[in-house]
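Undergrad: take this sequence and fold it.
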Amino acid sequence: MTPEKETNDDSRSSPVEIQTSAQSLPSTPSWFGESTLMTHHLQRQGVLAAIEEQIHFARRRFGRYEMIDFLAVLFGYAISGERTLEAFYECLQPWESAFMALFGRDRLPARATLSRFLASLDQAAVEALRTLFLKDLLARPLGKEEQSGGLFDRQGTHYLVFDVDGTRQAARQRALPKTADRPAPQRRLRPLCAPGYTGRKRGEVVRSRTTVLQAHTHQFLGTFGNPGNGEYRAELRRGVVAIQSYLQAHHHPEERVLLRLDGQYGTGAILADLAGLAFVMRGRDYQILKRPEVQARLNLPPDHHLTHTESGMVRALYDCPDVPLGPDGVSCRVVVATHPAGKKKSPVGVTRSGVVYELFFSRLPQQAFTASDVVGLYLHRGAFETTLADEDQEQDPDRWCSHTASGQEVWQIVSQWIWNLRLELGHQLLTSPVRTTEFAPALPPAHKESPAQAPVQGYGPAAVALPWKAGRFSGQDFALQPDGTLRCPADQELRVHERRRETDGSLRVIYAASIRSCRGCSLREQCQWNGGATAKPRQVSVLLHPLGIGPEPLLWRDWSRRSYRRACIQLVRHQCVEVQVEPPTSASMAITSAPFSRAERAHYRLSWVQRLARNARPPTAGHVGIKLCGVPDGFATSLGLATV
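TA: Numbers count the residues shown, from 1 in each chain. This is a model prediction of the structure:
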């Protein structure tokens, strides 16, 4: 058998027939279906019309394009998840007519035109877009909002929790020669970035931004960026304004709000920026440890011992209420956490005499939150890091989309907008109930504990006995010192002699003076019961009573962080999408000459309506039909889409 015959026999026996064609027939991008659903939803809710009416920006060399045209490209770019604008344009090019028709527009702006638009944006247009973003979020709360997600304290009070944190992006710059015979180098990212703390990211310049997240719905309320390390206090004040708008829209009282802040805010100076809202944050002003009231509390027994579940680290917690902080002396609750220092330097806190001290500031009431609850709520804010990681993976809003601050801000606002839209549509797809987690169990009554154990409620302020006889010294005349001792009116020292647990859970600390100090004291007649005839030194009892804390467990109610968004992303990502674009009607093919108006002849400035009409899709344009497969009928009906 010849080789040619063997080849022919093998081809005839193959079960697969492969054919090729020279005709180009591009497939629709995998993200085109999701973009269609979101654009239709925005149009149905009047968001696209609001953008056209409320956000105005005019500049030459944009041709026929307006703000809505460029935002349409950014919306599609954020939905697509493509790594670069170049890749996005390559995927969109065969379907640009159908894509722009979704927004009621005619032509797609070129990449160079988009770049010039982002570079020339002013701050007024950015703030108008930010305002509309927040207004759209508040106008349509999630469908399950009546299920009361959030935090419920030990007295059953409902709190809304907001996470405020900063993130940064570093940029690498190549080394350029700087000599007298050359002009100064021009850096494209100079107005956008500045030298600053890069953390673990490689680069020479950075840009920081502050993000605000609603904790139980995982919705973003805003993003505020600045070059370098940013202006964290100014950004925090803007974030607080956004939170107050959220509370006003949902008719929630401001005293039932909890802000969880990163350690960079951990000074008393920022308390004036929080507008009286409750907070919990890590402190970094370790000079507070030198204060007499804090030192005195550290020399008493701790309120709690908190064990970290994963690392096994045991922290001793000391609760110090009503400590004045900041230049205004704002009263604040300070929780000091201590643990023995290890071989390596602790990444947080300050180490003194082999003990690591950590500070936590809060304004949560002691009657509803123990010291362990305060520290646990702060450590729980680590869940915000996973949210930012999901944002980086799905949208990567910190990538460079523009070389100007305004252009980058617009891109990041649009990214958060898409994040919230995915959550909104995901809640319409899934009907999962709100999750309830026992954040901390209920506390047993203090009298049911064994006398050898410290009360889980923690201790209240130290109490001493009232005056027992007129003209005699009582326990109130013996001042507690920072070193844990007492000072009598004769300036003598009383040291801890005994610690005794009472049956009601109270801790009695007995201080005693030296008999040598009492024998020759001139105030002995006023101090001791039998005056000079007393053979024992003066003793003072200090009682630490258990705090009166609510009996309820600490509950946390929220929804899944990922399932709703991913349900929206995956709904039509792998389904067939049919797009049909009919040719324009014959009326549009005819060339008609109309006389110029006097305004056109004189080159008068166009009104906003006239400018918007230049790239509006003409009525004679070809009809666009899009068919999405795999969309549930109930979901399609809620969006006002026709079903087949």
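Undergrad: next up, phi/psi of A278, please.
TA: phi -70, psi 150 (degrees, to the nearest 10).
Undergrad: next one, pLDDT for it please.
TA: A278 is assigned 94 on the pLDDT scale.
Undergrad: how far away is it from P109?
TA: For A278, the distance to P109 equals 46 Å [C-beta to C-beta, to the nearest Å]. (Each C-beta comes from the backbone N, C-alpha and C, glycine too.)
Undergrad: now D262
TA: D262 sits 38 Å away from P109, going by C-beta to C-beta.
Undergrad: more neighbours: these two, which one.
TA: Set side by side, D262 and P109 show more neighbours around P109, with 23 against 18, by other C-beta atoms under 10 Å.
Undergrad: give the contact list for that one.
TA: 65, 69-70, 73, 117 (C-beta atoms under 8 Å, 6 or more residues apart in numbering).
Undergrad: helices - which of those residues land there?
TA: 69-70, 73, 117 (DSSP state H).
Undergrad: just give me the least confident of those residues.
TA: F117 (92).
Undergrad: with adjacent residues omitted, what lies nearest to it?
TA: Counting by C-beta to C-beta, 6 or more residues apart in numbering, F117 lies nearest to F70, which is 4.8 Å off, once chain neighbours are set aside.
Undergrad: neighbours of that neighbour, just the number please.
TA: Neighbour tally, F70, other C-beta under 10 Å: 21.
Undergrad: domain assignment for this structure?
TA: Following automatic domain parsing, the chain resolves into domains at 24-122+585-638, 461-544.
Undergrad: got TSV for those, with distance to D285 too?
TA: Formatted as TSV, the domains of the chain follow (distance: least, C-beta to C-beta, whole Å):
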stretch	distance to D285
domain 24-122+585-638	39
domain 461-544	18
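Undergrad: biggest strand in the chain, by residue count?
TA: strand 158-171 (DSSP state E).
Undergrad: please state the offset of the helix or strand just after that one from the chain centre?
TA: Going down the chain from strand 158-171, the next helix or strand is strand 205-214, by DSSP states H and E. Strand 205-214 sits 9 Å away from the centroid of its parent chain (C-alpha atoms, centre = their mean, to the nearest Å).
Undergrad: with stretch 379-392 instead?
TA: Centroid separation for stretch 379-392 versus its chain: 8 Å, with C-alpha atoms, centre = their mean.
Undergrad: what about E96, neighbour count?
TA: What E96 shows, counting by other C-beta under 10 Å, is a neighbour count of 15.
Undergrad: again but with V348, I slipped
TA: Neighbours around V348, by other C-beta under 10 Å: 11.
Undergrad: now swap in Q169 and tell me
TA: Q169: 22 neighbours (other C-beta under 10 Å).
Undergrad: which secondary structure state does the residue nearest to it when sequence neighbours are not counted sit in?
TA: Leaving aside its chain neighbours, Q169 sits nearest to D398 (3.8 Å; criterion: C-beta to C-beta, 6+ apart). Secondary structure, DSSP: H, G, I helix; E, B strand; the rest coil: D398 is coil.
Undergrad: next one: G239
TA: helix.
Undergrad: give the bridge partners for the residue lying closest to it once chain neighbours are set aside, please.
TA: Closest residue to G239 apart from its sequence neighbours, by C-beta to C-beta, 6+ apart: V212 at 4.4 Å. Beta-bridge partners for V212, by DSSP bridges, are V164, G222.
Undergrad: correct me, but V212 touches S245?
TA: No - the pair V212 / S245 is not scored as a contact, 10.9 Å apart, by C-beta atoms under 8 Å.
Undergrad: of these two, which one has the most company?
TA: V212 (26 against 17).
Undergrad: can you tell me which residues contact the more buried one?
TA: V212 neighbours (C-beta under 8 Å, 6+ apart): 162-164, 220-223, 239, 242-243.
Undergrad: next, format the residues you listed as CSV and append neighbour count.
TA: Output for the contacts of V212, formatted as CSV (neighbours: other C-beta atoms under 10 Å):
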residue, neighbour count
F162, 24
D163, 23
V164, 27
F220, 25
L221, 23
G222, 25
T223, 22
G239, 26
A242, 22
I243, 23
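Undergrad: R352: which of these is nearest?
TA: If you rank the contacts of V212 by distance to R352 using C-beta to C-beta, V164 comes first, at 29.9 Å.
Undergrad: A341 contacts V350, doesn't it?
TA: No - using C-beta under 8 Å as the test, A341 is too far from V350 to be in contact (10.2 Å).
Undergrad: more neighbours: which of these two?
TA: Set side by side, A341 and V350 show more neighbours around A341, with 16 against 13, by other C-beta under 10 Å.
Undergrad: got the buried residues for the helix or strand harbouring G634?
TA: For G634, the host element (DSSP H and E) is helix 633-638. Of all the residues in helix 633-638, those buried under the rule 16 or more other C-beta atoms under 10 Å are F635.
Undergrad: same thing with stretch 616-629?
TA: 616-617, 621-622, 624, 626, 628.
Undergrad: okay if I get those residues as a markdown table plus pLDDT?
TA: A markdown table is the format used below for these (pLDDT from 0 to 100):
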| residue | pLDDT |
| --- | --- |
| A616 | 92 |
| R617 | 92 |
| A621 | 89 |
| G622 | 87 |
| V624 | 92 |
| I626 | 93 |
| L628 | 94 |
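Undergrad: just the residues you listed now: which is nearest D303?
TA: Among these, and counting by C-beta to C-beta, the member closest to D303 is L628, at 58.2 Å.
Undergrad: correct me if wrong: that closest one contacts Q575.
TA: Yes - with contact taken as C-beta under 8 Å, L628 and Q575 are classed as touching, separated by 6.8 Å.
Undergrad: shared neighbours, those two?
TA: With C-beta under 8 Å, 6+ apart, L628 and Q575 have common neighbours G33.
Undergrad: contact partners for the residue nearest to Q169?
TA: D398 touches 167-169, 207, 209, 392, 412, counting by C-beta under 8 Å, 6+ apart.
Undergrad: still on that earlier bit, filter the contacts of P109 down to the buried ones and hand me the PyMOL line.
TA: Of the contacts of P109, the buried ones go into a single PyMOL selection, burial set by 16+ other C-beta under 10 Å:
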select buried, resi 65+69+70+73+117
